[in-house]
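Colleague: give me coordinates for this.
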Amino acid sequence: MTGRRCPSGIRQALAAHTTMTLAYADEEGPQACAVLYACGGAETAQGADADAGPALYFVTATTTRHGRALSRPGARVAFTAQRDGQEWSALTGLQGRGGCRPLDADERAAAWRIYTERFPFVVASDRLRGALERTTLWELRPDWLRLIDNGQGFGHKEEWERGEE
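Modeller: Numbering: from 1, shown residues only. Model prediction:
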């Protein structure tokens with residue numbers, strides 16, 4: 001459904017996971033990679049409204065294949081997030097699509113706080129913190145999300161789509 005607040009079930013599922021698989025395409029063709037992510041809300045976006053939906057923050061270098069692809073203006077990705085080792089009858093997970101962009105210095109502080117609260121081991125290690133502080137922090141803004149929850153019945157789905165801006 002378009003133009004409504006992202007449902008709490010989808011937000012809770014996003015917050016329950018820590019790893020997403022990003023799928024993207026570049027001049028070499030389609031590719032996928034796994035990244036750790038932290039979830040923020042519409043309140044972290046500048047000028048966001050109730051329909052802005054969640055924001056997913058992840059760290060990756062612009063020198064990686066996916067970093068180069070995501071650095072392109074208007075970069076789009078598809079992604080999934082789910083826990084490993086689930087039985088099909090209770091399978092839950094998320095699918096999504098959206099745009100990615102690197103955060104500038106002014107935006108980075110709030111997103112970095114969200115990321116390090118989710119992953120405190122990052123700041124517990126001087127070496128890791130130093131390396132990641134020098135690496136690009138990205139924002140993925142989903143414009144479509146689907147929660148699959150077979151625990152509520154085989155094929156149960158809940159969808160959200162960001163409203164027109």
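
Colleague: when you work out contacts or count neighbours from here on, use the C-alpha atoms and nothing else.
Modeller: Will do.

Colleague: how long is stretch 121-128 end to end?
Modeller: This stretch, stretch 121-128, spans 8 Å end to end (Cα to Cα, to the nearest Å).

Colleague: er, stretch 123-138 actually
Modeller: Counting by Cα to Cα, you get 18 Å between the two ends of stretch 123-138.

Colleague: got the buried residues for it?
Modeller: Using 16 or more other Cα atoms under 10 Å as the test for burial, stretch 123-138 gives 129, 132, 136-138.

Colleague: ok, residues contacting the helix or strand bottoming out on mean pLDDT in the chain?
Modeller: Counting by mean pLDDT, DSSP states H and E, the weakest-scoring helix or strand in the chain turns out to be helix 126-133, with a mean of 80. Helix 126-133 is contacted from outside by 59, 122-123, using Cα atoms under 8 Å, 6 or more residues apart in numbering.

Colleague: of those, which belong to helices?
Modeller: 122-123 (DSSP state H).

Colleague: which one of the contacts of helix 126-133 sits closest to Gly98?
Modeller: Val59 (16.6 Å; Cα to Cα).
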